[in-house]
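In: make a model of this:
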Amino acid sequence: MTGDHVSINKDIWNTDAPNWAKFAHRQWTLDTPEWGTWNNSDDGINMLPATMTDVDAIELGCGTGYVAYWMYRRGARVTAIDISAEQLATARKLATQHSADITFIEGNAEATGLPDAAFDFAISEYGASIWCKPETWLREAWRLLRPGGRLVFLGNHPLSLICSPLNGAPAERVLHRPYKDMWGADWTEVEFEPTGVCFNLTMAGWMDLFAQIGFVVTRYQELYAPNDATGTRDEVPADWAKDYPVEQVWHLAKPG
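Out: Below you'll find the predicted structure:
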């Protein structure tokens, strides 16, 4: 891994923020949440509780804040943190437009500085779930949650990483990386679509880490591209993502 992943990813997202503004506007106007790279329907995924009245919720790595807004619309008191000031500028602008009372904080989801046991529910969709070190941000999420609290996060499936060429080209039906000792990938200097430093683990690695921290797995999901999907998104071709899981969703609980 090259350099400090926190600084690298912060610079990447501040620079790239204008490219996400149009997508952010769309997401804030959705009546029903859509998840992940291929905008999978919330039907059957259910990453958010149906009602969140009187729930203290936090989004870890909120980007432009649309997930935070979906929680707010369901009745939650919402705090959302992100390391990118430019992404947060878009989030705050949209929150004003939608009259949403959400607390946005510029900061690192690996060390939020927020009080212990302050939240009932935590979520990350392509935020802390991939851009932060798992052993660090998951322990922070544990600290932030009250006993009985829940954490849900969506990120890249390990298979999508080991099928991705080392030069950043779109995923193929070939294994390009070792699965053993997987930690993630440094995309800063690849030939195609360079970005930042992302993290992932083997399935056993995730399970071992949850057990070490104390989280209980209540549900696990693998997401594919919809049958009508076409093209390539985030360096994953639709035809690949229809046959192999591009994303995973972990539903965790902190015992009461």
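
In: can you give me the helices for the protein?
Out: 5-16, 21-28, 66-73, 85-97, 128-131, 134-144, 158-162, 203-213, 238-243 (DSSP state H).

In: need the contact partners of the shortest one.
Out: For helix 128-131, contacts defined as CB atoms under 8 Å, 6 or more residues apart in numbering pick out 5, 9, 60-61, 109-110, 137, 141, 153-156, 184, 196-200. From N, CA and C alone the C-beta is placed, and that goes for glycine too.

In: ok, now with 7 Å
Out: Residues from elsewhere that reach helix 128-131 (CB atoms under 7 Å, 6 or more residues apart in numbering): Asn9, Leu60, Gly61, Ala109, Trp137, Phe153, Leu154, Gly155, Asn156, Gly196, Cys198, Phe199.

In: what about the closest residue to Thr218 other than its chain neighbours, distance to Ala185?
Out: Nearest-residue entry for Thr218: His251, 4.8 Å, with adjacent residues in sequence omitted and distances by CB to CB, 6 or more residues apart in numbering. Using CB to CB, to the nearest Å, we find His251 at a distance of 25 Å from Ala185.

In: just the pLDDT for the nearest residue to Pro245 once chain neighbours are set aside.
Out: Closest residue to Pro245 apart from its sequence neighbours, by CB to CB, 6+ apart: Glu222 at 3.6 Å. You'll see Glu222 listed with a pLDDT of 98.

In: does Glu222 have beta-bridge partners, and which?
Out: Beta-bridge pairing for Glu222 (DSSP bridges): Gln248.

In: now it: how far from Asn14?
Out: 32 Å.

In: between these two, which has more neighbouring residues?
Out: It is Asn14, of Glu222 and Asn14, that has more neighbours when counted by other CB atoms under 10 Å, with 16 against 12.

In: am I right that that one is in contact with Asp82?
Out: No. Counting by CB atoms under 7 Å, Asn14 stays clear of Asp82, with 10.4 Å between them.

In: hmm, back to that, list the contacts of the residue nearest to Pro245.
Out: Shown in contact with Glu222 (CB under 7 Å, 6+ apart): His157, Pro245, Gln248.

In: let's see 8 Å
Out: Glu222 touches His157, Pro245, Glu247, Gln248, Val249, counting by CB under 8 Å, 6+ apart.

In: for the third one, which non-adjacent residue is spatially closest?
Out: Closest residue to Glu247 in three dimensions, ignoring its sequence neighbours and counting by CB to CB, 6+ apart: Leu223, at 4.1 Å.

In: which of the helices of the chain is buried the deepest?
Out: Among the helices of the chain, helix 128-131 has the highest mean neighbour count (mean count of other CB atoms under 10 Å), at a mean of 29.

In: could you pull up the mean pLDDT of that helix?
Out: The model assigns helix 128-131 a mean pLDDT of 98.

In: same question for stretch 153-161.
Out: The average pLDDT within stretch 153-161 is 97.

In: would you mind confirming that Trp35 is in contact with Glu125?
Out: Yes. Applying CB atoms under 8 Å, one finds Trp35 in contact with Glu125, separated by 6.4 Å.

In: doesn't Thr202 make contact with Lys180?
Out: Yes. If you go by CB under 8 Å, Lys180 and Thr202 touch, sitting 7.4 Å apart.

In: what about those two, which has more around it?
Out: Thr202 (15 against 7).

In: ok, the nearest residue to that one once chain neighbours are set aside to Cys198 distance?
Out: Setting aside the residues directly before and after it, Thr202 is nearest to Met182 in space (CB to CB, 6+ apart), at 5.1 Å. Look at Met182 and Cys198: by CB to CB, they are 11 Å apart.

In: and these two? Which one has more around it.
Out: Legend: neighbour count by other CB under 10 Å for Met182 and Cys198, higher for Cys198 (20 against 17).
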